[in-house]
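Enquirer: Generate a structure from the sequence data that follows.
(2 chains)
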Amino acid sequence: MSDQSKVARFEEIALPHLGAAYNLARWMVHNEPDAEDIVQDAYLRAFKFFKGYYGGDSRTWLLTIVRNTCYTWLQRNRLVRLTDPLDDNFDERETEVPDPEMLLIQRIDSEIVRSALQELPVEFREVVVLREMEGLSYKEIANVVDIPIGTVMSRLKRGRTRLHALLASRMGKEASIELSTNA
Amino acid sequence: MSCQQTRDLIHGYLDGELDLMKSLEIESHLKDCQVCAQTYKEMRGLQSAVGNSAVRFDPPANLESRLHSALKRESEPDSRTAMMRWRWLVAGVSLIAVVAAIWLVVAMLTRESSGEVLAQEIVSSHVRSLMADHLTDVPSSDRHTVKPWFDGKLDFSPPVKDLSQQGFNLNGGRLDYIGNRPVAALVYQRGRHSINVFVWPSSETAMNDRMSVSQGYNLIRWTNSGMAYWVVSDLNLAELQQFVQLLKEQSQARM
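Expert: Numbers count the residues shown, from 1 in each chain, chains lettered A, B, ... in the order given. Alright, predicted model coming up:
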C-alpha cells in the first residue's frame, strides 16, 4: 500500500519532466532505444533516491540524474573520453563564420539543426540543449552539469559559435538550394 | 564596453542572465558596433532555430506507461523481499520452536525410557539372582566382610549397612551389571523376602525417592551424595519404604 502511494508521489513529481529528461538523453546518446533505456534507468535511480529528495527544484534534480546516467552510459560505451580535460578558456574566434550574411537560421530546416547539433561535442551539446530547449537558467545548468556559472556561459558561447559554424557549412553545401528558394 | 567583452557577455545578455547595468552597456555597444550587432542577430537566430520545438525530441508515447510499470516492479520487489524476510523469520522461529519441542519430548522420553529400561534391568537382575540361586557372591551378614569384598572389583566403595536390629538382615553382596556398568548389589532379607540394593556412582543431581512397580516388584530409587540407589523387592511398599528410610538414616549417621 505505502509502496503504491510512494510510486504515485514520485510520479507526480517526476513525470512532468519526462519530456525534458527524454530530450536530454536523446541528445546525449543519439539514438532512441538507448535514450529510452537511460530515461528508465534514471527514473528508477531517482525513485531509489527519492527518500533523499526534500522538495526543491525537481526538474534540476531529475535532469542531473538523467545527465549522470547518460555519462555512465557514454563511458561504458567508450563514446566519450572524460580523461581529456576540457579547456574552457579555449578561444575559437578562428572558427567563426566568414560570411554570416548567408545564415538565415530562423528558416533552417530543423533536420539540419539537428544534424549540426549532433556533431557538437557532448560537453557543449548538453549546455545548449539545457539552455535552448529546456530553458534552464545558468544556475540550474551549473547544478545539473556540476560546473561554475561562469563556465556555463563560456561553454554556451563556444557551443553556439561552433554550432553556428557547423550550420553555415551545412547551409553552404546541402541547403543552399532551399535557402535560395526561401530567399 | 569593448567588442571582446561584448562577445563574451552577449550570451549572458541573450539568456537574460546579466544584471541591469551590464545589459544597458551591451545595448549601447550594440547600437554603435555593427559587427557585434550582427553577431547578436546571428546568435538570436541560432537560439530560435535550436529552440524550435521541431528540433526537440519528444518521448515515445509508450515511455510513460513503460516507466510506470518499471517503477511498480521496482517498488514491489521491496515489499516482496520484506515479506520474504518476514516469512523466513517466522519459518526460523517456528523451526526453532519445533526443534526445541522435539528435543524436549525426546529428552523426556529418553529420560523416562532410560529410567524404565533401567528399572527393567534391575527387576530382571533381581529375578535372575533369585532364580539362579545366585543371590550373593559373598554370603555374609557381616558388613565388614561384605564391604571389603568389593575392593578391587569395583571402582567405587558401596555403602554397606547393618540393619539386622531393625529386622533387615544382610545376606551378602554380589557383583552385577546394570546400565552398561558393573554395580554393587547388596542383598538383604526380610522374612522370606529378598531385597536387592543396587548401588553405583552417578553424576546425576540428588533426587528424592521415586517409587514404581514393575512386574509385581516394588522399586524405589534415589540419588544421594553422588550415588544412585535402586531398591527392588517383592516386599510390600510400606516395609520397603521403611527399609529405605533406615538405609538413609544409617548413611547419614555414619557421616
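
Enquirer: Can you list the buried residues in stretch A:15-26?
Expert: Neighbour-count burial for stretch A:15-26, with 16 or more other CB atoms under 10 Å in any protein chain shown as criterion, is recorded at A:15, A:17-26. Glycine gets a C-beta too; all of them are placed from N, C-alpha and C.

Enquirer: same thing with stretch B:120-134?
Expert: B:121-123, B:125-126, B:129.

Enquirer: Ok, stretch B:135-147 next?
Expert: Neighbour counts over stretch B:135-147 (16+ other CB under 10 Å) mark B:135-138, B:140, B:143, B:146-147 as buried.

Enquirer: The one helix or strand residue B:43 maps to close to chain A?
Expert: Under the criterion DSSP states H and E, the helix or strand holding residue B:43 is helix B:34-51. Yes. Using CB under 8 Å from any CB of the partner chain, we find that helix B:34-51 touches chain A at B:38-39, B:42-43, B:45-51.

Enquirer: can you pull out the helices in chain A?
Expert: Counting by DSSP state H, residue ranges of the helices within chain A are A:2-14, A:18-29, A:32-48, A:58-76, A:110-119, A:122-128, A:138-145, A:149-173, A:176-182.

Enquirer: quick one, which of these is nearest to residue B:34?
Expert: Of all those, it is helix A:149-173 that lies closest to residue B:34, at 17.7 Å by CB to CB.

Enquirer: Also near chain B: which of the buried residues of stretch A:15-26, exactly?
Expert: Counting by CB under 8 Å from any CB, the members of the buried residues of stretch A:15-26 near chain B are A:15, A:18-19, A:21-23, A:26.

Enquirer: How much space separates the most centrally placed residue in chain A from chain B?
Expert: For chain A, residue A:126 is the residue whose C-alpha lies nearest the centre (CA atoms, centre = their mean; 2.9 Å). Note on residue A:126: its distance to chain B, by CB to the nearest CB, to the nearest Å, is 13 Å.

Enquirer: close enough to count as contact, that residue and residue A:27?
Expert: Yes. Between residue A:126 and residue A:27 a contact is recorded at 7.4 Å, counting by CB atoms under 8 Å.

Enquirer: What residues sit buried inside stretch A:34-51?
Expert: Applying a neighbour-count criterion of 16+ other CB under 10 Å, one finds A:34-36, A:38-47 buried in stretch A:34-51.

Enquirer: now stretch B:6-22
Expert: Neighbour count says stretch B:6-22 has B:6-7, B:9-15, B:17-18 buried, by 16+ other CB under 10 Å.

Enquirer: what residue ranges in chain A are flagged as low confidence?
Expert: Along chain A, the model assigns pLDDT under 70 to residues A:1-3, A:52-54, A:78-108, A:172-183.

Enquirer: Can you spell out the domain ranges of it, please?
Expert: A:2-76, A:93-182 (automatic domain parsing).

Enquirer: Now render these as a markdown table, adding distance to residue B:212.
Expert: Formatted as a markdown table, the domains of chain A follow (distance: least, CB to CB, whole Å):
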| stretch | distance to residue B:212 |
| --- | --- |
| domain A:2-76 | 62 |
| domain A:93-182 | 86 |
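
Enquirer: Which one, of those, ends up nearest to residue B:180?
Expert: Here domain A:2-76 is closest among those (CB to CB), at 63.0 Å.

Enquirer: sorry, back to before: out of the buried residues of stretch B:6-22, who's near chain A?
Expert: Of the entries in these, those that also sit close to chain A under the rule CB under 8 Å from any CB are B:7, B:10-12, B:15, B:17.

Enquirer: which helix is the longest one in chain B?
Expert: Scanning chain B for the helix with the most residues, using DSSP H, yields helix B:63-131.

Enquirer: Say whether chain A is contacted by it.
Expert: Yes. Shown here: helix B:63-131 in contact with chain A (CB under 8 Å from any CB) through B:63-64, B:66-68, B:70-72, B:74-76, B:78-79.

Enquirer: So what are the sheet partners of the very next helix or strand once past that helix and their directions?
Expert: On the C-terminal side of helix B:63-131, the closest following helix or strand by DSSP H and E is strand B:138-139. Strands flanking strand B:138-139 in the sheet, each with its direction: strand B:169-178 (antiparallel) (DSSP bridges).

Enquirer: so what does the helix or strand that comes right after the partner strand touch, helix or strand wise?
Expert: Proceeding C-terminally, strand B:169-178 gives way to strand B:181-190 as the next helix or strand, assigned by DSSP H and E. Counting contacts by 3 or more CB pairs under 8 Å, 6 or more residues apart in numbering or on different chains; DSSP states H and E, the secondary-structure elements packed against strand B:181-190 are helix B:63-131, strand B:169-178, strand B:193-201, helix B:237-254.

Enquirer: Indicate which one of these is closest to residue B:157.
Expert: Taking CB to CB as the criterion, strand B:193-201 is the member of these that comes nearest to residue B:157, at 9.6 Å.
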